[in-house]
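Participant: Output the structure for:
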Amino acid sequence: MKEEITDRQQEIIEAACKLLTTSGAGGLTIKNLAKEMQFSESAIYRHFASKEEIIVSLLQYLATSMDVRLTNAVSDIQSPKEKFEAIFKNQFAFFNLNPCYVVAVFSDGLMEESQRINEVILKIMGVKMKHVKAVIVEGQQKGVFTDAIATEEMIHIVIGTFRLQMFKWRASNFQFDLIGVGNEMIHSLLTLLTRK
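Facilitator: Okay, the predicted model is just below:
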């Protein structure tokens, strides 16, 4: 697929996002998408060859935008603790406004659907890990974060905690305050990470 997404493709991705949020992975079909957009199914196929291609494009957008967002979130911050907070506050704010991406990343049906989808989900995790690792390494080098736990293990603890929180929010059908609970999670993780 082309790297550049057309305006029409972006509209289709946004409609797919809406369907994922309201109907889950099972409700995202070309037929339902065409109905949502008041298009014919053939009109959808003119822009994307398959449902898989739509989901892959949606997830690739998430990976690319996350990289940019997280880079910008920490660009003017010096303190590793503040960078850590900025990364996760940015993530919680983004997903709070765009829950469909949580549905896409945490839908077993999508993960079972294709290896390409799995590869893009792993890419998303890689982007997140890259940013978290940079902050943890900096914090350890500056003596702010503990070095009693290996950097890679700390990354797994942090990312695992974040993913569990997002999964719980998804499983609750987005019924709790993600920002508030997210801030508590950030505080708890910083308590664990900070050198005593």
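
Participant: Now tell me which helix or strand of the chain has the poorest mean pLDDT.
Facilitator: Ranking every helix and strand in the chain by mean pLDDT, DSSP states H and E puts helix 108-113 at the bottom, with a mean of 62.

Participant: Just list what the next helix or strand after that one packs against, helices and strands only.
Facilitator: Following helix 108-113 in sequence order, the next helix or strand is helix 115-141 (DSSP states H and E). Contact analysis of helix 115-141 by 3 or more Cβ pairs under 8 Å, 6 or more residues apart in numbering; DSSP states H and E lists helix 51-74, helix 80-97, helix 108-113, helix 151-171 as its packing neighbours. C-beta: built from backbone N, CA, C; applies to glycine.

Participant: residues making contact with the last one?
Facilitator: Spelled out, it's helix 151-171. 88, 91, 95, 99, 102-103, 105-106, 125, 128-129, 132-133, 136-137, 140, 145, 149, 176, 178, 181-182, 185, 189, 192-193 (Cβ atoms under 8 Å, 6 or more residues apart in numbering).

Participant: Quick one: closest of the helices and strands packed on helix 115-141 to C17.
Facilitator: helix 51-74 (6.4 Å; Cβ to Cβ).

Participant: what's the neighbour count on D177?
Facilitator: Counted with other Cβ atoms under 10 Å, the neighbours of D177 add up to 12.

Participant: scratch that, G180 is what I was asking about
Facilitator: For G180, the count of nearby residues is 10 (other Cβ under 10 Å).

Participant: tell me which element it falls in.
Facilitator: helix 178-193.

Participant: Poorly predicted segments of the chain, please.
Facilitator: The chain contains residues with pLDDT under 70 at 1-3, 108-113.

Participant: again, 50 this time
Facilitator: Residues of the chain meeting the criterion pLDDT under 50: 1-2.

Participant: For the residue lying closest to T29 once chain neighbours are set aside, give me its contacts.
Facilitator: Leaving out its chain neighbours, the residue that sits closest to T29 by Cβ to Cβ, 6 or more residues apart in numbering is K51, at 6.8 Å. Going by Cβ under 8 Å, 6+ apart, K51 touches 28-30, 33.

Participant: any chance of these in TSV, with distance to A63, neighbour count and secondary structure too?
Facilitator: Listed next are those as TSV, based on distance: Cβ to Cβ, whole Å; neighbours: other Cβ atoms under 10 Å; DSSP: H, G, I helix; E, B strand; the rest coil:
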residue	distance to A63	neighbour count	secondary structure
L28	19	28	coil
T29	24	14	coil
I30	24	17	helix
L33	22	21	helix
